[in-house]
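A.B. asks: got a structure for you, letters missing:
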């Protein structure tokens with residue numbers, strides 16, 4: 001069967017690459033998030049490939065409440081099995097980050113140009129390359145004639161690049177997609193089973209403005225904030241001594257990403273504001289990190305009564321760490337498929353990034369991240385690309401995975 005599957009996928013090579021090119025050639029930058037054209041394309045293309053396809057529009061009142069200027073849509077496509085088997089979801093997002101300065105691209109970002117064995121364009125890896133592999137793996141298994149019992153579900157969702165609330169978040173929270181396990185966009189050189197939590201805080205220092213010739217009449221909010229930043233630096237040093245037990249996770253990180261303060265160089269600044277991003281390992285909780293920051297600020301204010309610091313959580317992107325156990329049958333099945341195709345297995349790791357996997361895990365569907373491409377493919381950068389050999393080999397692995405995972409019936413004993 002391995003030889004048959006490899007022959008089928010090899011024979012589909014041009015078709016797989018062509019699908020990726022067509023997806024790249026449909027701009028779906030987010031922001032703003034225009035999904036009409038790409039969803040129309042997927043509805044027709046996947047229908048012609050044998051999927052049962054639904055385009056799910058997020059209700060207008062929901063997008064209006066989220067203050068979004070354009071409609072949000074998600075595509076759910078099912079390659080039906082014979083029944084009685086395990087159902088496997090593949091999730092990849094249809095939005096991309098903006099292309100940026102078009103003059104910085106060697107090849108136009110929406111061209112899908114092929115050069116030196118690579119397909120170039122925005123989304124070539126993140127995440128239209130993954131979507132192409134997932135789709136064509138299901139098609140390859142169907143064309144092989146090898147029977148499979150479970151359903152293969154493609155969840156092509158919007159808005160991942162801005163948090164996924166109305167994409168994977170919406171379809172999972174509304175129970176519009178279901179399955180036994182999920183494979184979410186990832187890399188071909190590792191299996192990711194854990195992702196960090198995200199906590200983002202706004203810290204505001206209130207001072208009192210004054211002319212710098214009479215500095216003693218004011219309270220310098222920037223100088224007070226400097227003490228907070230020093231406290232965050234000490235917190236980071238403490239956290240580095242509390243590493244995660246999961247390979248690849250390192251430790252909880254603290255990053256001061258934004259700072260605003262003052263109005264003019266000769267004015268004692270009356271306010272200063274920073275925004276801080278924390279990537280939280282599974283051994284910590286968001287509340288634990290928040291409380292440690294809050295306690296640090298309280299101590300600083302006790303030592304300096306002129307300090308007036310306010311601490312706020314930023315609500316738009318907060319999520320707990322997500323973990324799938326190393327003993328998960330999905331990881332076992334994926335390793336078997338990788339070994340069947342390549343003769344080796346891959347490291348199983350965690351990472352400090354986040355993805356739409358969390359939405360599925362929060363809704364009771366265990367998941368991991370795996371797909372074609374690596375971090376070297378200029379993701380979010382100029383000249384993003386997908387290596388064609390990687391794309392084809394990973395499609396073979398995924399085809400073997402769905403054969404093994406969805407191929408046998410589930411027997412229930414009393």
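C.D. replies: Perfect, I can see it now. Because the structure is predicted, anything quoted here is derived from the model rather than measured.
A.B. asks: Can you get me a residue count around residue 223?
C.D. replies: 17 (other C-beta atoms under 10 Å). Bear in mind the C-beta positions are built from the backbone N, C-alpha and C, glycine included.
A.B. asks: now residue 140
C.D. replies: For residue 140, using other C-beta under 10 Å, the count is 28.
A.B. asks: what about it, is that helix, strand or coil?
C.D. replies: Classification of residue 140 by DSSP: H, G, I helix; E, B strand; the rest coil places it in helix.
A.B. asks: Distance check, it against residue 191.
C.D. replies: 21 Å (C-beta to C-beta, to the nearest Å).
A.B. asks: So what sits opposite the nearest residue to residue 330 once chain neighbours are set aside in the bridge?
C.D. replies: Among residues not flanking residue 330 along the chain, residue 181 sits closest, at 4.4 Å (C-beta to C-beta, 6 or more residues apart in numbering). In this entry, residue 181 is beta-bridged to residue 88, by DSSP bridges.
A.B. asks: what residues are up against residue 181?
C.D. replies: Applying C-beta atoms under 8 Å, 6 or more residues apart in numbering, one finds that residue 181 lies in contact with 86, 88, 89, 328, 329, 330, 365, 366, 367, 405.
A.B. asks: out of those, which are inside helices?
C.D. replies: The helices, defined by DSSP state H, take in 329, 330, 405 from these.
A.B. asks: Out of those, which is nearest to residue 341?
C.D. replies: residue 405 (14.6 Å; C-beta to C-beta).
A.B. asks: I'd say residue 281 and residue 251 touch.
C.D. replies: Yes. Contact status for residue 281 versus residue 251: in contact at 6.2 Å, counting by C-beta atoms under 8 Å.
A.B. asks: shared neighbours of these two, anything?
C.D. replies: 243, 244.
A.B. asks: roughly how far apart are the residue lying closest to residue 385 once chain neighbours are set aside and residue 377?
C.D. replies: When the adjacent residues along the chain are set aside, residue 385 lies closest to residue 118, with 4.3 Å between them (C-beta to C-beta, 6+ apart). Computed with C-beta to C-beta, the distance linking residue 118 and residue 377 is 9 Å.
A.B. asks: Common neighbours of those two, please.
C.D. replies: Contacts common to residue 118 and residue 377, judged by C-beta under 8 Å, 6+ apart, are 124, 385, 386, 387.
A.B. asks: ok, the first one - contacts?
C.D. replies: Put plainly, it is residue 124. Here residue 124 is in contact with 20, 24, 112, 118, 373, 377, 384, 385, 386 (criterion: C-beta under 8 Å, 6+ apart).
A.B. asks: Out of these, which sit inside helices?
C.D. replies: Using DSSP H, these in helices are 20, 24.
A.B. asks: Any chance of a ChimeraX selection covering the buried ones in the contacts of residue 124?
C.D. replies: Selection command for ChimeraX covering only the buried members of the contacts of residue 124, criterion 16 or more other C-beta atoms under 10 Å:
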select :20,24,112,118,373,377,384,385,386
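A.B. asks: now the contacts of residue 124 as a markdown table including pLDDT and distance to residue 93?
C.D. replies: Output for these, formatted as a markdown table (pLDDT from 0 to 100; distance: C-beta to C-beta, whole Å):
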| residue | pLDDT | distance to residue 93 |
| --- | --- | --- |
| 20 | 98 | 15 |
| 24 | 98 | 14 |
| 112 | 98 | 18 |
| 118 | 98 | 21 |
| 373 | 98 | 14 |
| 377 | 98 | 16 |
| 384 | 98 | 14 |
| 385 | 98 | 18 |
| 386 | 98 | 15 |
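A.B. asks: Could you single out the nearest of the contacts of residue 124 to residue 81?
C.D. replies: residue 20 (25.5 Å).
A.B. asks: now that closest one: how far from residue 387?
C.D. replies: Residue 20 is 11 Å from residue 387, by C-beta to C-beta.
A.B. asks: List the backbone torsions phi and psi for the residue lying closest to residue 159 once chain neighbours are set aside.
C.D. replies: Excluding the flanking residues, the one nearest residue 159 by C-beta to C-beta, 6+ apart is residue 167, at 4.2 Å. Dihedral pair for residue 167: phi -100, psi -110, per degrees, to the nearest 10.
A.B. asks: For residue 167, list the residues it contacts.
C.D. replies: 72, 74, 93, 95, 157, 158, 159, 160, 356.
A.B. asks: neighbour-wise, which of those residues leads?
C.D. replies: residue 157 (32 neighbours).
A.B. asks: which residues does that one contact?
C.D. replies: So residue 157 contacts 74, 75, 91, 92, 93, 94, 164, 167, 168, 170, 171, 356 (C-beta under 8 Å, 6+ apart).
A.B. asks: The same query, at a cut-off of 6 Å, please.
C.D. replies: 74, 93, 167, 168 (C-beta atoms under 6 Å, 6 or more residues apart in numbering).
A.B. asks: and those as JSON lines, adding secondary structure?
C.D. replies: Compiled in JSON lines, the contacts of residue 157 are given as follows (three-state DSSP):
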{"residue": "74", "secondary structure": "strand"}
{"residue": "93", "secondary structure": "strand"}
{"residue": "167", "secondary structure": "coil"}
{"residue": "168", "secondary structure": "helix"}
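A.B. asks: Okay, buried residues for stretch 118-134 please.
C.D. replies: 118-134.
A.B. asks: Could you count how many residues lie near residue 363?
C.D. replies: 17.
A.B. asks: residues contacting it?
C.D. replies: residue 172.
A.B. asks: can you give me the end-to-end distance of stretch 21-36?
C.D. replies: Distance across stretch 21-36, first residue to last, is 18 Å (C-alpha to C-alpha, to the nearest Å).
A.B. asks: Please name the residues that touch the most centrally placed residue in the chain.
C.D. replies: The chain has residue 355 as the residue nearest its centroid, 2.4 Å off, counting by C-alpha atoms, centre = their mean. Each residue near residue 355 by C-beta under 6 Å, 6+ apart is listed here: residue 184.
A.B. asks: now it: how far from residue 214?
C.D. replies: 53 Å.
A.B. asks: ditto for residue 293
C.D. replies: In terms of C-beta to C-beta, residue 293 sits 34 Å off from residue 214.
A.B. asks: Also residue 394?
C.D. replies: From residue 394 to residue 214 the distance is 67 Å (C-beta to C-beta).
A.B. asks: which of these two has more neighbours?
C.D. replies: residue 394 (28 against 9).
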